[in-house]
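Undergrad: model the structure of this input:
(chains A, B, C and D)
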Number of protein chains: 2
Amino acid sequence: MKPSPKKQAGLNFPRPLVTVDVVIFTVLEDALKVMLVRRPSNPDDPFPGRWALPGGFIDVDRDASLLDCALRKLREKTGVAAPYLEQLGSWGGAHRDPRGWSATHAFFALMPARDLVPDQGVNAAQVEWMDAAAAGRKRLAFDHAEILASAIARLRSKVEYTSLPAFLLNEPFTLPQLQHTYEVVLGRAVDKSAFRKRMLDGGFMEEAGMVEGASGRPAMGYRLRDRSQAALFPRTFSPRDAEA
Amino acid sequence: MKPSPKKQAGLNFPRPLVTVDVVIFTVLEDALKVMLVRRPSNPDDPFPGRWALPGGFIDVDRDASLLDCALRKLREKTGVAAPYLEQLGSWGGAHRDPRGWSATHAFFALMPARDLVPDQGVNAAQVEWMDAAAAGRKRLAFDHAEILASAIARLRSKVEYTSLPAFLLNEPFTLPQLQHTYEVVLGRAVDKSAFRKRMLDGGFMEEAGMVEGASGRPAMGYRLRDRSQAALFPRTFSPRDAEA
DNA sequence: TAAATAGTGTCTTTCAGACAATATCTC
DNA sequence: GAGATATTGTCTGAAAGACACTATTTA
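TA: Next up is the predicted model:
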């Protein structure tokens, strides 16, 4: 290794571009949806007119941290202040953005569809909830297709052993509603009895009064004890299938 | 939202500093060790003389990607070309580096102690394998104590349900050696019979001839089928304890 | 043969999954 | 009561943990 006197001298070496992108999931009309925004059509911008994940550059004056920046992007696009939010990973390299070496910090958010504020000042035509499966097949801007694929894989994987789907529902929610959300995300049916045992034994919910449906017997409503983190189950759903 | 014409104009807004840090683990002398390096003692540098994680600025001319940069840091400090390496997360904010808004991409590496090349041109006195528990109690530079704590938590957690400890051993390794490595990382004993069943059923190893120890019966040696990723087990070790 | 270590067998408990049965609501 | 949905109960099979037993080496 040779010494690099430039660093000591004053940080006057080129810096990458730094962005934050957020993969925002919700369940709407019995399907897993992801939020996409359209890139500006100005041909000087990279990927004009393409669909992309919501995100953008760090603003070193306004954002105190990466998490703050992600929360700001979320607020700007959805009006939601504090959904479930975790880090997904970072993607960086010389060629992912034609404007130069860039690195993005990707986050992963879950929110109930009904928390959404329809128009937050952003042009509504530029924002869309797209089916996750359909979005995964689209040619998105930058390396966003790869980031989205990673987010979907992470979600599917964690749904097998965590209470994450509870963050996709408004409170109070019922166990049948929660089960349905699991089934939508997993793409397969799960056993009712085993499901209820698992959720109730998990101890992450508390009762919140009866909730009446359109017909049939009313169900107990529940709310999360802690909306900041998910519960972990000691096993995944149906390990038998998982090995196949 | 107000428009920000600066972005369209030409990216002439301040950019954060971007670094990559690597938490490198090994098992040495029956203990989990982590590599730390000493910060330069020059008082113009941040945190002079403090212990820190190996890492440094992205070099936009040499590093094609974040992963490349992490591999370069690894090579420079350890001489090892391709250990187990995964992303841990990113930490960024206005105050973690006194020189300005900075973001670091943290990685997480596992390697066998015997792969290490003693001196790679770096001043050996500035590099040390420290007990993970002891390092976790030290006041490290930047927010490296937080990053290290996160890495240790991630390692402990994943050891419960993955084959990660196999990456801490030289090949061929025996099942008793592997079990011992699990026990060192987990900090508790595991049952021999259940352990062997789990590892052999996992199907991630292949036989590599008998290995003789100092005394006693020789054991079958194994090597990994795929050194690029760990195997996942359907359950964690002893879920009974995990709930307590 | 004793000591040391590797490897196997067996019993028990736990718990998820399957699925049937029962409960509570509306019309 | 019929239909719809929620909730509970019972049986079974798979797999992990506990722990004793057997096997193979060196001294």
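
Undergrad: is any part of the longest helix seen in chain A close to chain B?
TA: Longest helix in chain A by number of residues (criterion: DSSP state H): helix A:144-159. No: if you take Cβ under 8 Å from any Cβ of the partner chain as the test, helix A:144-159 misses chain B, and the best it gets is 9.3 Å. Where C-beta positions appear, they are placed from N, C-alpha and C, glycine not excepted.

Undergrad: what are the buried residues along that helix?
TA: Buried residues in helix A:144-159, counting neighbours by 16 or more other Cβ atoms under 10 Å in any protein chain shown, are found at A:His144, A:Ala145, A:Ile147, A:Leu148, A:Ser150, A:Ala151, A:Ile152, A:Arg154, A:Leu155, A:Lys158, A:Val159.

Undergrad: and these as TSV, adding pLDDT?
TA: Output for the buried residues of helix A:144-159, formatted as TSV (pLDDT from 0 to 100):
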residue	pLDDT
A:His144	97
A:Ala145	97
A:Ile147	98
A:Leu148	98
A:Ser150	97
A:Ala151	97
A:Ile152	96
A:Arg154	95
A:Leu155	96
A:Lys158	93
A:Val159	94
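
Undergrad: give the closest residue to A:Ala231 in space, chain neighbours not counted.
TA: Distances taken as Cβ to Cβ, 6 or more residues apart in numbering or on different chains put A:Phe204 closest to A:Ala231, at 3.7 Å, once the chain neighbours are dropped.

Undergrad: quick one, domains of chain A?
TA: Chain A breaks down into these domains under automatic domain parsing: A:15-157, A:162-243.

Undergrad: closest one to DNA strand C among those domains?
TA: For these, the distance to DNA strand C is smallest for domain A:162-243, at 2.9 Å, taking Cβ to the nearest atom of the strand.

Undergrad: quick one: closest of the domains of chain A to B:Val20.
TA: domain A:15-157 (8.9 Å; Cβ to Cβ).

Undergrad: distance from the helix or strand A:Ala133 falls within to the middle of the chain?
TA: Element membership of A:Ala133 [criterion: DSSP states H and E] is helix A:132-137. Between the centre of helix A:132-137 and the centre of its chain there are 14 Å (Cα atoms, centre = their mean, to the nearest Å).

Undergrad: now do the buried residues in that helix.
TA: A:Ala132, A:Ala135, A:Gly136.

Undergrad: output the contacting helices and strands for that helix.
TA: Applying 3 or more Cβ pairs under 8 Å, 6 or more residues apart in numbering or on different chains; DSSP states H and E, one finds that helix A:132-137 contacts strand A:31-38, helix A:144-159.

Undergrad: report the angle between the longest one and strand A:31-38.
TA: On the basis of axes from the mean of the first three to the mean of the last three Cα atoms, to 10 degrees, helix A:144-159 is oriented at 150 degrees to strand A:31-38.

Undergrad: quick one: contacts of helix A:144-159?
TA: Helix A:144-159 has contacts (Cβ atoms under 8 Å, 6 or more residues apart in numbering or on different chains) with A:21, A:23, A:25, A:32, A:34, A:52-53, A:88-89, A:91, A:104, A:106, A:108, A:132, A:135-136, A:138-140, A:164-165, A:182, A:185-186, A:230.

Undergrad: run the last query once more with 7 Å
TA: Residues from elsewhere that reach helix A:144-159, judged by Cβ atoms under 7 Å, 6 or more residues apart in numbering or on different chains: A:21, A:23, A:25, A:34, A:52-53, A:88-89, A:91, A:106, A:108, A:132, A:135-136, A:139-140, A:164-165, A:182, A:185-186.

Undergrad: could you do the first one as well?
TA: Contacts of strand A:31-38 from elsewhere in the structure, counted by Cβ under 7 Å, 6+ apart, are A:23-27, A:49, A:51-54, A:77, A:126-132, A:135, A:148, A:184-185.

Undergrad: how about stretch A:190-208?
TA: Applying Cβ under 7 Å, 6+ apart, the contact partners of stretch A:190-208 are A:163, A:171-172, A:175, A:178-179, A:182-183, A:220-226, A:231, A:233, A:237.
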